[in-house]
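Peer 1: Next comes the sequence, and after it the predicted model I'd like to discuss.
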Amino acid sequence: MHQLVKVTLKSKGLVNKMNKDKINNLIPEAINALETTKIVKNGKIETAFNGYISSFGASVIQTGLLASVAKFENQNSSTESDRPKLMKAILYLLTGENKTEKGALLKYIIENQKNNPRLQSEIEEAAIALKLTMRIFEFENKEEEENK
């Protein structure tokens, strides 16, 4: 497709139509992913997850998919120990399975990226669906809840 046509279509929102449809179709399954991976507890999501999902998207843009996933699956930081749950939720949206082994999404990407040229887009769509779906639930600050 000619570059000018691509830019014009993109500016009119026509290139991303399929992505929007895909994201909308993922939202019901994203609810299951959030509940299955225990991101949602008693109908609430810890406020930190909103920041985690936002920073994941920015990280993918800045450092690339593999580096971002490796960083988010790392549980070394005690303050961000729940971040790997987001990667499990993304993997759940991609595979329909709740894989609990450490580094499962990174392993999945390495094994499938050559056979699936859309894999990064699919992961980005899953992350967006999760971010949108999180808005359905009430957010709570973990520290405030512990002090009650």
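Peer 2: Received the coordinates, thanks.
Peer 1: Now name the helix or strand holding E101.
Peer 2: E101 belongs to no helix or strand when assigned by DSSP states H and E.
Peer 1: What is the neighbour count of it?
Peer 2: 7 (other C-beta atoms under 10 Å). Yep, even glycine has a C-beta here, placed from its N, CA and C like the rest.
Peer 1: Ok, the one 5 residues further on next?
Peer 2: Other residues within reach of L106 by the criterion other C-beta under 10 Å amount to 21.
Peer 1: wait, isn't it in contact with V69?
Peer 2: Yes - the pair L106 / V69 is scored as a contact, 4.9 Å apart, by C-beta atoms under 8 Å.
Peer 1: what do the two both touch?
Peer 2: M87 (C-beta atoms under 8 Å, 6 or more residues apart in numbering).
Peer 1: Need phi/psi at the residue nearest the centre of the chain.
Peer 2: Centroid check for the chain by C-alpha atoms, centre = their mean gives A127 as the closest residue, at 2.5 Å. Note on A127: its backbone torsions stand at phi -60, psi -40 [degrees, to the nearest 10].
Peer 1: show me the contacts for it.
Peer 2: I53, F56, G57, V60, L86, I90.
Peer 1: quick check, nearest of those residues to N116?
Peer 2: I90 (14.3 Å; C-beta to C-beta).
Peer 1: and that closest one, that's in a strand?
Peer 2: No - I90 is assigned helix when assessed by DSSP: H, G, I helix; E, B strand; the rest coil, not a strand.
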